[in-house]
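**Q** Everything below, folded, please.
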Amino acid sequence: MFSPTSLVQSPLIGTTRKPSFLRRCFLEGIRLAFRHPVLGTSIVPLLEDGRIVLIRRRDTGLWALPGGMVDWGEDIATTVRRELKEETGLNLVKIQRLAGVYSSPERDSRLHSICVAVVADVLGQFQVQDQLEISEVKAFSPNFLPIAEELSYDNAEQLQNYRLGLTVLH
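**A** I've put the predicted structure just below:
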């Protein structure tokens, strides 16, 4: 286990030395930050005609609910509004309800994150602003969503729970 007072090998001078106080504080901060899950959101965006908007991720090629990590100083509603706009170009009309809180350490292969999923009414035109992360935006009828194998992370479970009208703590 890492200790902030551990000796470190200096690549520049080839000697082992005790890290400075600032470096120890920085390393301890990193350790604490990544020892705890990060907070994110998933949005089940509903168009006026009832279709559900999904994004296609560039990294996996899979469909996903829009969403992302809560930035420092943001609340959940602000994150929902920002992520929805960045990933789909759509505007948040209103958050209808909480769809669930998903906290299983296995839900995201990249890191342990806690996801607050919401159902939201949205309006506007599809326009991907984050083209490094998102390749496509598309609206699906609730009866013709992509199959589970075509969905990222635990989005199949989130969509299934939404369609069943459930609010889950998982």
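
**Q** Show me the contact partners of stretch 45-58.
**A** Under the contact criterion CB atoms under 8 Å, 6 or more residues apart in numbering, stretch 45-58 has outside partners 44, 62-66, 84, 87-88, 90, 96, 119-123, 126, 128, 132-142, 145-146, 152, 159. (Each C-beta comes from the backbone N, C-alpha and C, glycine too.)

**Q** Swap in 6 Å and give it another go.
**A** 63-64, 66, 87-88, 120-122, 133-137, 139-142, 152 (CB atoms under 6 Å, 6 or more residues apart in numbering).

**Q** Which ones among the residues you listed lie within helices?
**A** Per DSSP state H, helices hold the following members of the contacts of stretch 45-58: 87-88.

**Q** So how do I select the buried members of the contacts of stretch 45-58 in ChimeraX?
**A** The ChimeraX command for the buried members of those (criterion: 16 or more other CB atoms under 10 Å) is given here:
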select :63,64,66,87,88,120,122,134,137,139,152
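
**Q** Restricted to strands, list the contacts of stretch 45-58.
**A** 63-64, 120-122, 134-137, 139-140 (DSSP state E).

**Q** so which of those comes closest to G73?
**A** Nearest to G73 among the ones in strands among the contacts of stretch 45-58, counting by CB to CB, is A120 at 21.2 Å.

**Q** I'd like the distance between that closest one and E83.
**A** Going from A120 to E83 by CB to CB, to the nearest Å gives 11 Å.
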